[in-house]
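Colleague: With the input below, show me the fold.
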Amino acid sequence: MSRLASIVVPCHDNLLYTALCLQSIERHTPWPHEVIVVANGCTDGTAEWSEGRGARVVRSPVNLGFAGGANLGLAAARGDVVVVLNNDALATPGWLGGLLGALDRDPAAGIAGPRSNWVSDDQIIAPVPYAEAPSEALDRFAADRAREHAGQAREVARLSGLCMAIRRALMEAIGGFDPRFEVGNLEDDDLCLRARLAGFRLLVADDAFVHHFGHKTFDIVPEDYDELLQENTMRYRMKWDLPLDRDPRGLLPGRPFDPARDRVPLPGR
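Modeller: I've put the predicted structure just below:
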């Protein structure tokens, strides 16, 4: 586990949460890593503050949405594994070790994700036994989980973009997030679907926990979250020709991965 991990944190303002996120990475990430902050149309000093904490900063003068911003960070990453982490999330004891360990144990795995308090489907833990974050109670809970569930991981059909540890081989095969999903929603499902079609497995690392404050970027953008979700769900259905009468997330289309059609090149690649 001596290889380099690149931790990409896309940000659109919300400096307070970004600061908490970067501070948590500093406290709880003893493994070799670099931090790349994507200042995605930021106007609140995020870029300057992050540089002062030793992060590499990639700037976009406008908000490219989650997919576009994350792709800037993916393109700049030097690590063998790239971890895309929401800026309204907190790293905890054992978090990166759990994610890297899941990938190490399964050569067919392309993406690993953690458990969290605010996330969908197979990754959620609710309720959680801590009342505040950051806090010593949160750190104890995460450390206990890391110890009690050491080495445990499960294959799933989809992972949340809250936190994704992505193997470089997967990025080379399928590219990055699809920017057609605009501000956000379903770009993570699309990446997961392309990964599965290309022959990679998706894993939930039960020994990794990330706290999520939830929807803090959506709270400050003018777009309506529910409308974005509906619009991007329809874009997702149309892209993959999925049925209208079922939740399309986790479904596979009736065709294989086509690199010429489905790979999303990263900026400058």
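
Colleague: and residue 29, what is it in contact with?
Modeller: 7, 91, 95-96 (CB atoms under 8 Å, 6 or more residues apart in numbering). C-beta coordinates here come from the backbone N, C-alpha and C atoms, glycine included.

Colleague: could you measure it against residue 93, distance?
Modeller: Applying CB to CB, to the nearest Å, the value for residue 29 to residue 93 is 10 Å.

Colleague: ok, back up a step: and the contacts of residue 29, which two are furthest apart?
Modeller: Taking every pair in those and measuring CB to CB, the maximum separation is 10.3 Å, between 7 and 95.

Colleague: higher neighbour count, these two?
Modeller: Neighbour comparison, residue 7 and residue 95: the larger count goes to residue 95, with 31 against 26 (by other CB atoms under 10 Å).

Colleague: on that earlier part again, and which of the contacts of residue 29 is nearest residue 268?
Modeller: Distances from residue 268 to these, taken by CB to CB, are shortest for residue 7, at 20.2 Å.

Colleague: now the helices for the stretch 101-250 of the chain?
Modeller: Ranges of helices in the stretch 101-250 of the chain, per DSSP state H, counting those that start in this stretch, are 136-148, 168-174, 187-197, 225-240.

Colleague: Comparing those helices, which comes out most buried?
Modeller: Most buried of these, by mean neighbour count (mean count of other CB atoms under 10 Å): helix 187-197, with a mean of 24.

Colleague: How far off centre is it?
Modeller: 12 Å (CA atoms, centre = their mean, to the nearest Å).

Colleague: Where helices are concerned, which of the contacts of residue 29 count?
Modeller: Cross-referencing the contacts of residue 29 against helices under DSSP state H gives 95-96.

Colleague: so residue 160 touches residue 119, yeah?
Modeller: Yes. Using CB atoms under 8 Å, residue 160 is in contact with residue 119, at 4.8 Å.

Colleague: buried stuff in the host helix or strand of residue 57?
Modeller: Here residue 57, judged by DSSP states H and E, is contained in strand 56-60. Judged by neighbour count (16 or more other CB atoms under 10 Å), strand 56-60 contains these buried residues: 56-58, 60.

Colleague: which two from these end up farthest apart in space?
Modeller: Farthest apart among the buried residues of strand 56-60 by CB to CB are 56 and 60. That separation is 14.2 Å.

Colleague: and residue 33, what are its bridge partners?
Modeller: residue 5 (DSSP bridges).

Colleague: How many neighbouring residues does the residue nearest to residue 211 when sequence neighbours are not counted have?
Modeller: What sits nearest to residue 211 in space, not counting adjacent residues and going by CB to CB, 6 or more residues apart in numbering, is residue 90, at 4.1 Å. Residues near residue 90, counting by other CB under 10 Å, number 27.

Colleague: right, and residue 90 touches residue 132 too?
Modeller: No. Using CB under 8 Å, residue 90 is not in contact with residue 132, being 11.1 Å away.

Colleague: which residues are in contact with the strand or helix carrying residue 98?
Modeller: Per DSSP H and E, residue 98 falls inside helix 95-105. Identification of contacts with helix 95-105 by CB under 8 Å, 6+ apart yields 1, 5, 7, 28-29, 31, 33, 81, 83, 109, 112-114, 142, 146, 151, 153, 163, 165, 167, 203, 205-210.

Colleague: Go ahead and build a ChimeraX selection from the buried members of the residues you listed.
Modeller: To isolate the buried members of those in ChimeraX, using 16+ other CB under 10 Å:
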select :5,7,28,29,31,33,81,83,109,112,113,114,142,146,153,163,165,167,203,205,206,207,208,209,210
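
Colleague: From the contacts of helix 95-105, which land in strands?
Modeller: When the contacts of helix 95-105 are checked against strands using DSSP state E, the ones located there are 5, 7, 33, 81, 83, 109, 112-114, 153, 163, 165, 167, 203, 205-210.
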